[in-house]
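> Sequence and predicted model, in that order:
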Amino acid sequence: MTSPVTVGVLALQGAFAAHLAILRGLGVAACEVKTNEQLASVDALVIPGGESTTMSMLLVKGDMLDPLRQRVADGMPVFGTCAGMILCSERIEDGRADQHCLSALPIVSRRNGYGRQIDSFEAELDVTGLDEPFHGVFIRAPVVESVGEEVTVLAAVDGQPVLCSYGPVTVASFHPELSGDPRLHRRWLIDAGLLPEGLAKASDETAEVTP
Ligand code: GLN
């Protein structure tokens, strides 16, 4: 299936391969983004889970922080997951002093906010607009401490947001790419106007994903 858009996955560090598989399963052209040239060539960007401090450092090292900030400010659709959500935030609590964020949406994230004892867990999430629950895999996940008024909370755990959208920007404090379930990627692409709904539904049934 051909696609008129190309979705990049920031591939400096972390869990980027499973995102590429999910996107390709949806019939979308997807590629790794490791350089400013690659960033300039994509229409949208997934920022994966991993380690937000390391990703921040590598963005600075590769002179990519400002170009990425500019693309985000220009309205590029972004899907930030776990560490990617931290990077997308307006402010980070318990981050490193030299850690940068992109202000892609008005939320405050607390790194490793679910604490050490339960720093990894799984939960069935009721997501607004989905018929069936989504299996959420949380790995040293950040807590969304606060959201701006314009942010839509699509799912919560114990009253705390875990999936939020803000125009073409969606963030998840878990790893949606690890559940073999393309529904949240599909929804983000539709929300961002990058995937016609009918095409996405058809490809959803045939998507094969290896986490
Ligand atoms: N705790 C990590 C961070 O601070 C995020 C963990 C993850 O992405 N699974 O970046």
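All right, it came through fine. Numbering: from 1, shown residues only.
> what is the residue nearest to L105 when sequence neighbours are not counted paired to in the beta sheet?
Counting by C-beta to C-beta, 6 or more residues apart in numbering, L105 lies nearest to Y166, which is 3.8 Å off, once chain neighbours are set aside. (Glycine included, C-beta is placed from N, CA and C.) On the basis of DSSP bridges, Y166 takes part in beta bridges with V169.
> Verify the stated contact: Y166 with E149.
No: counting by C-beta atoms under 8 Å, Y166 stays clear of E149, with 10.5 Å between them.
> From the ligand, how far off is the most centrally placed residue in the chain?
Geometric centre of the chain, nearest residue: G80, 2.1 Å, by C-alpha atoms, centre = their mean. Plainly put, G80 is 10 Å away from the ligand if you go by C-beta to the nearest ligand atom, to the nearest Å.
> who does the host helix or strand of that residue touch, helix- and strand-wise?
Using DSSP states H and E, G80 maps to strand 78-81. Counting by 3 or more C-beta pairs under 8 Å, 6 or more residues apart in numbering; DSSP states H and E, the packing neighbours recorded for strand 78-81 are strand 44-47, helix 83-88, strand 169-172.
> which residues touch the residue nearest to the centre of the chain?
The contact partners of G80, by C-beta atoms under 8 Å, 6 or more residues apart in numbering, come to 46-47, 86-88, 104, 169-172.
> Within reach of the ligand, which of the residues you listed are there?
I86 (C-beta under 6 Å from any ligand atom).
> Out of the contacts of G80, which comes closest to the ligand?
The ligand has its nearest neighbour among those in I86, at 5.3 Å by C-beta to the nearest ligand atom.
> The ligand contacts on this structure?
Counting by C-beta under 6 Å from any ligand atom, the chain comes close to the ligand at 49-52, 82-83, 86, 111-112, 139-140.
> ok, K34 touching V9?
No: counting by C-beta under 8 Å, K34 sits too far from V9 to count as a contact (9.9 Å).
> out of these two, which sits in the busier spot?
A count of neighbours by other C-beta atoms under 10 Å puts V9 above the other of K34 and V9, at 28 against 18.
> Quick check: phi and psi on the more buried one?
Dihedral pair for V9: phi -120, psi 120, per degrees, to the nearest 10.
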